[in-house]
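no letters, just coordinates:
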């Protein structure tokens, strides 16, 4: 019998909380937050919506639409955070600089931030932005879990080979602290693995009976 991960019920009842343009507009810095980051075309909003079984995060065929820190409440103590999409070429430079400044302020100051989910398009992994985020996570000792999104765009064999290669590159450059998996929002691939990571960071114990 498959045991239900305790984070699943919380994700299914996720509700929009608030949007913040600056760190001082964020909710009180307490409890547990997990942030979702990625380049603007990495499928970040689709992944969030699939994990929460809702349409919380705004999806668009035009990348770069997430321009604020968007907070979604799971319960009184736990939140998911959709960070501004980064790196989309058509976004004006001043806006890019604004995002970068406030993204860095959020990542560097938020005590309640317990982990970072980094989305990489499996067809274009390890971009300059991804490398910066990896460097920051290791330097800050922030737990990071990577979703190789859009895995359905490749055959399973090709997707698995890409996973192994990226995993190897990360271990060589950053060690074993970062975890990684395949993910597809349309195919609902990788949900269980992602839920286990979220539950661990948010200190939710599996309800598994003792053997």
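Perfect, I can see it now. In this text, all values refer to a predicted model and were calculated from it rather than measured experimentally.

buried ones in the longest helix belonging to the chain?
Under DSSP state H, the helix in the chain containing the largest number of residues is helix 156-174. Of the residues in helix 156-174, those buried by neighbour count under the rule 16 or more other Cβ atoms under 10 Å are 159, 162, 163, 166, 167, 170, 174. Placement of C-beta: from N, CA and C, glycine included.

isn't the last one up against residue 141?
No: counting by Cβ atoms under 8 Å, residue 174 sits too far from residue 141 to count as a contact (11.9 Å).

got any residues that touch both of these two?
Between them, residue 174 and residue 141 share no neighbouring residue, with contact defined by Cβ atoms under 8 Å, 6 or more residues apart in numbering.

hmm, residue 189 is touching residue 183, no?
Yes: counting by Cβ under 8 Å, a contact exists between residue 189 and residue 183, whose distance comes to 6.1 Å.

of those two, who's got more company?
A count of neighbours by other Cβ atoms under 10 Å puts residue 183 above the other of residue 189 and residue 183, at 29 against 19.

from residue 77, how far off is that one?
Residue 183 sits 26 Å away from residue 77 when distances are taken as Cβ to Cβ, to the nearest Å.

circling back: which neighbours do residue 189 and residue 183 share?
Shared contacts of residue 189 and residue 183, counting by Cβ under 8 Å, 6+ apart, come down to residue 151.

all strands for the chain, in order.
For the chain, the strands defined by DSSP state E cover 15-20, 32-38, 69-73, 78-82, 113-121, 144-149, 179-182.

relative to residue 128, which of those strands is closest?
strand 113-121 (12.0 Å; Cβ to Cβ).

now for that closest one, which elements pack on it?
Helices and strands touching strand 113-121, as assessed by 3 or more Cβ pairs under 8 Å, 6 or more residues apart in numbering; DSSP states H and E, comprise strand 32-38, helix 44-52, helix 93-109, helix 128-140, strand 144-149, helix 191-201.

can we see that at 10 Å?
Based on contacts counted as 3 or more Cβ pairs under 10 Å, 6 or more residues apart in numbering; DSSP states H and E, the elements that strand 113-121 packs against are strand 32-38, helix 44-52, strand 78-82, helix 93-109, helix 128-140, strand 144-149, helix 191-201.

show me how far that strand is from its chain's centre.
Remark: strand 113-121 is offset 3 Å from the chain centroid, using Cα atoms, centre = their mean, to the nearest Å.

residue 97: neighbouring residues, count only.
Residue 97 has 10 neighbours, counted by other Cβ under 10 Å.

my read: residue 113 touches residue 32, true?
Yes: under the criterion of Cβ atoms under 10 Å, residue 113 is in contact with residue 32, at a separation of 8.7 Å.

what residues are shared contacts of these two?
79, 201 (Cβ atoms under 10 Å, 6 or more residues apart in numbering).

what helices or strands is the least confident helix or strand in the chain by mean pLDDT leaning on?
Of all the helices and strands that make up the chain, helix 93-109 has the lowest average by mean pLDDT, DSSP states H and E, namely a mean of 77. The elements that helix 93-109 packs onto, with contact taken as 3+ Cβ pairs under 10 Å, 6+ apart, are strand 32-38, strand 69-73, strand 113-121, helix 128-140.
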